[in-house]
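**Student:** Got a predicted structure here, sequence first:
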Amino acid sequence: MIEITREDNKAILRPAGDGIVAASIPELRTRMRGIVEDGVRELVVDLTDVQMVDSSGIGLLISAYNSLRKVGGRLAVIHASAEILELFQTMRMHQHFSVS
Amino acid sequence: MNQLASADCEMRRALPATLQAAEEFFMDFRRRSQVLLGCVNSFAAELLVREALTNAVVHGCRADPNKQIRCSLRLKRRRLLIAVEDDGDGFDWRAAWSHAAELTDCSGRGIEILRKYANRVRYNGRGNAVAIVKRFS
């Protein structure tokens, strides 16, 4: 399940599963594409419930970043665990979008 | 085939090459590794297992459920050995090993994660089997 809170051109997406991983990518990708096509320009991904992000999940976030960038939007990731923060730093994700 | 042996944690499974089957395996591994390694080290351990197994499912076997993946994990004295072999044709790991994804690439980071998180990664010549070692402090 994915919880989405929408206000004007901003949306907060909170995956309720415990991972942004290969098995969960198809549903998340569909929802993210829909959000951007629906006019959202500021997308916040809330990782409160997320315990794991793998290389497929990183790819999905980069894809969302690329899509938003094309339309002048931006992506932010919030409430990442210490382990996921370290992974993002190791993989240089913080050079794309804010991660906290 | 499921076996639990006498190491701190030992898992051997033969799985159909599907992400669903792999996900069930990851959840089982997480339950065990969190007890044995704690959350911080368990994250790195699970990440390595995920990258190795997902690579076998997606790239090795093209997610063909008729193909099989054999996975063996052994955690002993804070040393994790991951061995994964699949029925696929293998891949050119030498080219992938030296490849670094561009910042805006949407794929191609699995091997980079193995490089950065593991202490040792070895493929067979064909590229359909990998052995990974991770030592925890």
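**Tutor:** Nice, I can see it.
**Student:** From here on, just use CA atoms for contacts and neighbour counts.
**Tutor:** Will do.
**Student:** these two touch, right, residue A:94 and residue A:88?
**Tutor:** Yes: counting by Cα atoms under 8 Å, residue A:94 does reach residue A:88; the two are 6.5 Å apart.
**Student:** The helix or strand containing residue B:122: what's the following helix or strand?
**Tutor:** Using DSSP states H and E, residue B:122 sits within strand B:120-123. Counting by DSSP H and E, the element after strand B:120-123 in chain order, helix or strand, is strand B:129-135.
**Student:** Just the buried positions in that following strand, please.
**Tutor:** Neighbour-count burial for strand B:129-135 flags B:129-135 (criterion: 16 or more other Cα atoms under 10 Å in any protein chain shown).
**Student:** What residue in chain A comes nearest to chain B?
**Tutor:** Using Cα to the nearest Cα, residue A:59 is the residue of chain A that sits closest to chain B, at 4.1 Å.
**Student:** Secondary structure element holding that residue?
**Tutor:** Taking DSSP H and E as the definition, one finds residue A:59 inside helix A:55-70.
**Student:** now the helix or strand following that helix: mean pLDDT?
**Tutor:** Note on helix A:55-70: by DSSP H and E, the next helix or strand toward the C-terminus is strand A:74-78. Averaging pLDDT along strand A:74-78 yields 97.
**Student:** Which elements pack onto strand A:74-78?
**Tutor:** Secondary-structure packing of strand A:74-78 (3 or more Cα pairs under 8 Å, 6 or more residues apart in numbering or on different chains; DSSP states H and E): strand A:42-46, helix A:55-70, strand A:98-99.
**Student:** Mind listing residues that contact stretch A:87-100?
**Tutor:** Stretch A:87-100 is contacted from outside by A:62, A:65, A:74-80, A:85, B:103, B:113, B:116, using Cα atoms under 8 Å, 6 or more residues apart in numbering or on different chains.
**Student:** now these as a markdown table including distance to residue B:61 and neighbour count?
**Tutor:** Shown next, in a markdown table, are those (distance: Cα to Cα, whole Å; neighbours: other Cα atoms under 10 Å in any protein chain shown):
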| residue | distance to residue B:61 | neighbour count |
| --- | --- | --- |
| A:62 | 25 | 21 |
| A:65 | 29 | 20 |
| A:74 | 36 | 21 |
| A:75 | 33 | 22 |
| A:76 | 34 | 18 |
| A:77 | 32 | 19 |
| A:78 | 35 | 16 |
| A:79 | 35 | 15 |
| A:80 | 32 | 21 |
| A:85 | 31 | 18 |
| B:103 | 27 | 12 |
| B:113 | 20 | 20 |
| B:116 | 25 | 13 |
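**Student:** Check these and tell me the two furthest apart.
**Tutor:** Spanning the widest gap among the contacts of stretch A:87-100 are A:74 and B:116, at 28.1 Å by Cα to Cα.
**Student:** quick one: low-confidence parts of chain B?
**Tutor:** Low-confidence segments of chain B (pLDDT under 70): B:1-7.
**Student:** what residues are up against the closest residue to chain A within it?
**Tutor:** Proximity of chain B to chain A (Cα to the nearest Cα) peaks at residue B:106, 4.1 Å away. Residue B:106 is in contact with A:58-60, A:62-63, counting by Cα under 8 Å, 6+ apart.
**Student:** Now flag whichever of those residues is closest to residue A:27.
**Tutor:** Nearest to residue A:27, judged by Cα to Cα, of those is residue A:60 at 11.0 Å.
**Student:** Much appreciated, bye for now.
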